[in-house]
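1. Give the three-dimensional model of this entry:
(one chain, ligands or ions: 2)
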Amino acid sequence: MDVLVFGAGSLGTLVGALLARAHDVTLVGRDPHVSRVREGGVRVSGAVEARTAPAATTKYDGSAADLAVVAVKSFDTAAAADALGAGSFEVVCSLQNGLAEETLAARLDAPVLAGTATYGARLVEPGHVECTGVGRVVLGARSGGTDPRAERVGKAFRDAGIETLVASDMPRRLWEKLAVNAGVNAVTALARVENGALTDDPGRELARRATRETARVARAEGVSLSNRRALSALDEVVTATEANRSSMLQDVDDEKRTEVDAINGTVVERAERHRLDVPTNRTLAALLRTWEVGRGVRKAGGGSVPPESTSRGESRQ
Ligand SMILES: NC(=O)C1=CN([C@@H]2O[C@H](COP(=O)(O)OP(=O)(O)OC[C@H]3O[C@@H](n4cnc5c(N)ncnc54)[C@H](OP(=O)(O)O)[C@@H]3O)[C@@H](O)[C@H]2O)C=CC1
Ligand SMILES: CC(C)(CO)C(=O)C(=O)O
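-> Ligands and ions are numbered 1, 2, ... in the order given. Predicted coordinates:
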């Protein structure tokens, strides 16, 4: 398969380097990383060890490929879609957090698959990515059900030794991941703690509230995600990743823009469409946006301050 990986940062470089064990891969990223990959390939260390030599470029020239994997941060999704619009692909697959598939599908002619990744990745230096944890890629049709293109992409990932599941319930899986990220990422980033701190109160209860609210919004969107399932996913992730600094905490550590808009911000925005109140997500989003404005990584005025609590509080099903 010819594969284009758009967004060769931590996750894109890991997935692209692993895919290059079985496929022709081109990474689209930034210098000096791209120059280093061109000179000496990619070194993968940590939980997976590999050395591969994908092609790399800083500017996508519109060449066709069988598959485009999108791995930019959520706030760059629309720009990535616009750049990819110059090319032609049998299929495009996002591995980003949030609901990026919707943005891609709205802007691209090519069919778009939904995907999630629980592999951990960290770009150590140009040309060198660390796999901080072997997880799994789950992908499938955006609206659920089966899609032969998803089967082909799943096989391509497995042929390259990437743990991959092709699923027929992607809407639920995307919302379940969003519900976990809404709880874990914002709370750990604001409290500056590893994920394991959410094993105990008060962090545990705060994360659970954000997760419950998200599951409620998912159901309003027609996605079958019970509170029990979402909370059990939250517990599982907190236990399995207790030593992790969440991706949002890492962004805060590095004083970089976070994915708050795509995570808690999306929950708030979708809740408003259904006239639901999600006070915990609203407050977490406002605090993170306040931090972003304060650090100068976000323009002032973006996002609203939460109104005083209303009587329509979260349900506790
Ligand atoms: N890292 C991880 O372990 C995991 C990440 N994810 C998700 O994957 C997504 C990516 O995360 P991550 O890899 O950590 O993010 P990174 O910031 O490390 O990687 C994104 C890369 O894409 C580059 N990029 C953005 N736009 C362009 C462009 N137009 N042309 C070329 N390069 C571009 C960015 O460069 P620049 O910064 O200079 O703009 C950056 O190097 C996120 O949604 C994240 O939540 C999911 C699971 C695990
Ligand atoms: C699963 C979790 C919460 C692991 O830290 C994650 O997805 C993230 O940090 O973005």
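2. can you pull the contacts of the residue most central in space within the chain?
-> Geometric centre of the chain, nearest residue: Asn97, 1.8 Å, by Cα atoms, centre = their mean. Counting by Cβ atoms under 8 Å, 6 or more residues apart in numbering, Asn97 makes contact with 74, 116, 177-178, 181, 247, 259, 262-263. C-beta coordinates here come from the backbone N, C-alpha and C atoms, glycine included.
3. Recalculate using a threshold of 7 Å.
-> Listed by Cβ atoms under 7 Å, 6 or more residues apart in numbering, the contact partners of Asn97 are 74, 177, 181, 259, 262-263.
4. out of these, which are buried?
-> By neighbour count, with 16 or more other Cβ atoms under 10 Å, the contacts of Asn97 hold 74, 177, 181, 259, 262-263 as buried.
5. if you count residues, which helix in the chain comes out on top?
-> Scanning the chain for the longest helix, with DSSP state H as the assignment, gives helix 170-191.
6. anything in that one near ligand 1?
-> No. Judged by Cβ under 6 Å from any ligand atom, helix 170-191 stays clear of ligand 1, getting no closer than 7.8 Å.
7. Any chance you could list what contacts whatever helix or strand comes next after that helix?
-> Moving toward the C-terminus from helix 170-191, the next helix or strand (DSSP states H and E) is helix 203-220. Outside helix 203-220, the residues within contact range by Cβ under 7 Å, 6+ apart are 175, 178-180, 182-184, 186-187, 191, 193, 197-198, 225-227, 230-231, 234, 264, 267, 270-271, 274, 276, 278, 280-281, 284, 314-316.
8. that older thread, so which of the contacts of Asn97 reach ligand 2?
-> Asn181.
9. how about JSON lines for the contacts of Asn97, with distance to Val293 and pLDDT added?
-> Shown next, in JSON lines, are those (distance: Cβ to Cβ, whole Å; pLDDT from 0 to 100):
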{"residue": "Ser74", "distance to Val293": "18", "pLDDT": "96"}
{"residue": "Lys177", "distance to Val293": "27", "pLDDT": "97"}
{"residue": "Asn181", "distance to Val293": "22", "pLDDT": "97"}
{"residue": "Glu259", "distance to Val293": "16", "pLDDT": "97"}
{"residue": "Ala262", "distance to Val293": "17", "pLDDT": "97"}
{"residue": "Ile263", "distance to Val293": "17", "pLDDT": "98"}
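10. Export the contacts of Asn97 as TSV, with columns for distance to Ala22.
-> Output for those, formatted as TSV (distance: Cβ to Cβ, whole Å):
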residue	distance to Ala22
Ser74	28
Lys177	26
Asn181	30
Glu259	30
Ala262	30
Ile263	32
